[in-house]
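Asks: Need a 3D model of the following:
(one chain, ligands or ions: 2)
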Amino acid sequence: MPTLFFYRRNEAGKILKKQTKKSSMSELAQYADLLTPIHQFLHCKTPQAWLDEARKPERLPLLLVDHMNCELKAAQTAMLLLRKYVAAPESQTGLLEWLKPYEHFIYRGEGSLPELLAQNKISKNIIAKNAAPYAQDILDPMILLIKEELHHFTQVLEIMEARDIPYQSITAGRYAKGLMQAVRTHEPCTLVDKLIIGAYIEARSCERFAALAPYLDAPLAKFYVSLLRSEARHYQDYLTLAEKIAGESIALRVQQFGELEAALIQTPDSDFKFHSGSPTPLK
Ligand SMILES: [Fe+2]
Ligand SMILES: [Fe+2]
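Replies: Ligands and ions are numbered 1, 2, ... in the order given. Here you go, the predicted model:
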């Protein structure tokens, strides 16, 4: 089990490293039941080389910015599913408006943390289109998921602001794109594949938060451990939906995406990101 350290700067800006109490490790131990099915679902653990890279203090700004982007992408993915498969025309505009402040913050540099915190208190009443199969099955978990991902978004932003880490635009890594390339092009297989991918992304995020927490300073470790429960539920929600909508066994597709996902996590990747593969030496 790794030793816990936290990092802080002294007045001269020098980074100091101190050993912490074992509190976040014991908190992590409480989540063993929750992590066991995640580890069984994923075909590999996060490589130690990725953890060794991610724990470097100089990687923290990129890690947090990418994490914040991932939270928005998770909300956008669920929103796309809602808009394509569930929402009636009269609910489309309201759904689009919901994400706009977060998208404007990321893509245009507009808005502030207090404005975003006020946004997520809005409750959404979505009207499902007539004859949308599985509308209610998709609606409730996806609305909750969007709310939670947007809450995580503002939590990451709060941490960045507290540490004077500015938001900077970064490119997307290969991970989600690599998974989406394998999506079948006819319904309902397209939807089923996207839901399985959603399950893998959520499961990997959960596994990585837990794996990374022991290497982070105490407040960050506490935050990452606090995300485990919702991300584990998101993984389960996506998988349950995929099974229900497929109406048949999805074991083969789950296996195929599991192998693809593990390849993206284990093979060399020069573009270090939250979901990147095994890092190659810094350029
Ligand atoms: Fe999240
Ligand atoms: Fe999530």
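
Asks: which stretches of this structure form strands?
Replies: With strands called from DSSP state E, the chain shows them at 5-9, 15-19, 268-269, 278-279.

Asks: What residues does the stretch 1-150 of the chain have near ligand 1?
Replies: Residues of the stretch 1-150 of the chain lying close to ligand 1 (C-beta under 5 Å from the ion) are 71, 149. Where you see a C-beta, it was placed from the backbone N, CA and C, and this is true even at glycine.

Asks: Residue in the stretch 1-150 of the chain with the shortest distance to ligand 2?
Replies: As assessed by C-beta to the ion, ligand 2 sits closest to residue 74 within the stretch 1-150 of the chain, at 4.8 Å.

Asks: For that residue, list the residues it contacts.
Replies: Residue 74 makes contact with 145, 149, 201-202, 234, according to C-beta atoms under 8 Å, 6 or more residues apart in numbering.

Asks: Among those residues, which one lies nearest to residue 52?
Replies: Closest approach to residue 52 among those (C-beta to C-beta): residue 201, at 22.8 Å.

Asks: Surely the closest one is in contact with residue 176?
Replies: Yes - in terms of C-beta atoms under 8 Å, residue 201 counts as a neighbour of residue 176; the distance is 6.6 Å.

Asks: Settle it for me: which of these two has more neighbours?
Replies: Between residue 201 and residue 176, counting by other C-beta atoms under 10 Å, residue 201 is the more crowded of the two (23 against 18).

Asks: How much space separates the residue of the chain found nearest ligand 2 from residue 69?
Replies: Nearest residue of the chain to ligand 2 (C-beta to the ion) works out as residue 234 at 3.7 Å. Separation of residue 234 from residue 69 (C-beta to C-beta, to the nearest Å) stands at 17 Å.

Asks: Compare neighbour counts for the two and give me the winner.
Replies: Looking at residue 234 and residue 69 with other C-beta under 10 Å, you find the greater number of neighbours at residue 234, namely 25 against 21.

Asks: Quick check: the residue of the stretch 151-283 of the chain nearest ligand 1.
Replies: Nearest residue of the stretch 151-283 of the chain to ligand 1: residue 152, at 3.8 Å (C-beta to the ion).

Asks: so that residue touches residue 71, yeah?
Replies: Yes - shown here, residue 152 and residue 71 form a contact pair, counting by C-beta under 8 Å, at 4.5 Å.

Asks: quick one: residue 70 and residue 231 touch, right?
Replies: No - counting by C-beta under 8 Å, residue 70 stays clear of residue 231, with 10.6 Å between them.

Asks: Tell me the residues of the stretch 151-283 of the chain that contact ligand 1?
Replies: By C-beta under 5 Å from the ion, the part of the stretch 151-283 of the chain that sits against ligand 1 consists of residue 152.

Asks: which stretches of the stretch 51-200 of the chain have low pLDDT?
Replies: Where the stretch 51-200 of the chain drops to pLDDT under 70, the residues are 120-124.

Asks: residues from it in reach of ligand 2?
Replies: Contacts of the stretch 51-200 of the chain with ligand 2, taken as C-beta under 5 Å from the ion, map to residue 74.

Asks: Do a quick rundown of the helices in the stretch 51-200 of the chain.
Replies: Taking DSSP state H, counting those that start in this stretch as the criterion, the stretch 51-200 of the chain carries its helices at 60-85, 89-108, 113-119, 135-162, 175-180, 189-212.
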